[in-house]
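Provided below are the primary sequence and the corresponding predicted coordinates.
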Amino acid sequence: MPNQVDILPNVSSAGLKALANAMLAPQAQSKLDELLTRNSEGVLNEQESRELDDLIEQIDELNLLKARAEFTLRQQGAKDGS
């Protein structure tokens, strides 16, 4: 595997910082909380279960993007001597 110094090389430092600090939108977070509560109570219907799976997938993708942004920022700092 080639050594990639920057995972997100075409994103500005400000953009990387924004990505690293990104959070799930408040409306999506509220829906997630509601679905998780209903899931723990065992009362999710099939549509809600799919919606919960979709939200969890979005969170996984967001976390990967955040990690890539943080890694790229660290790599840029190492190149700059920071």
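Yep, that arrived. Residues are numbered from 1 along each chain as shown.

Rounded mean pLDDT for the lengthiest helix in the chain, please.
Secondary structure of the chain read by DSSP state H shows that its longest helix is helix 46-80. Average pLDDT, helix 46-80: 93.

And it, what does it pack against?
helix 13-20, helix 26-40 (3 or more CB pairs under 8 Å, 6 or more residues apart in numbering; DSSP states H and E). (Glycine included, C-beta is placed from N, CA and C.)

ranking those by burial, who's on top?
Mean neighbour count (mean count of other CB atoms under 10 Å) peaks for helix 13-20 among the helices and strands packed on helix 46-80, with a mean of 14.

any idea of the mean pLDDT for it?
Throughout helix 13-20, pLDDT has a mean value of 94.

SS state for V43?
For V43, the secondary structure call by DSSP: H, G, I helix; E, B strand; the rest coil comes out as coil.

next one: phi and psi at it?
phi -120, psi 20 (degrees, to the nearest 10).

Near it, how many other residues are there?
With neighbours defined by other CB atoms under 10 Å, the count for V43 comes to 9.

And it, how far from E34?
11 Å (CB to CB, to the nearest Å).

Likewise for D53?
D53 is 15 Å from E34, where distance means CB to CB.

One more: G42?
15 Å.

again, but for A28
Distance, A28 to E34, by CB to CB: 11 Å.

how about the nearest residue to the residue nearest the centre of the chain, chain neighbours excluded?
Central residue of the chain (CA atoms, centre = their mean): L62, 1.6 Å from the mean position. Leaving aside its chain neighbours, L62 sits nearest to A22 (6.2 Å; criterion: CB to CB, 6 or more residues apart in numbering).

So that neighbour, which state does it fall into?
Going by three-state DSSP: A22 is coil.

Kindly report the same for N10.
Assignment for N10 (three-state DSSP): coil.

buried ones in stretch 44-55?
Across stretch 44-55, burial judged by 16 or more other CB atoms under 10 Å covers L44, E51, L52, L55.

how about those in CSV, adding distance to R74?
Shown next, in CSV, are the buried residues of stretch 44-55 (distance: CB to CB, whole Å):
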residue, distance to R74
L44, 39
E51, 35
L52, 33
L55, 29
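
Done for today, thanks.
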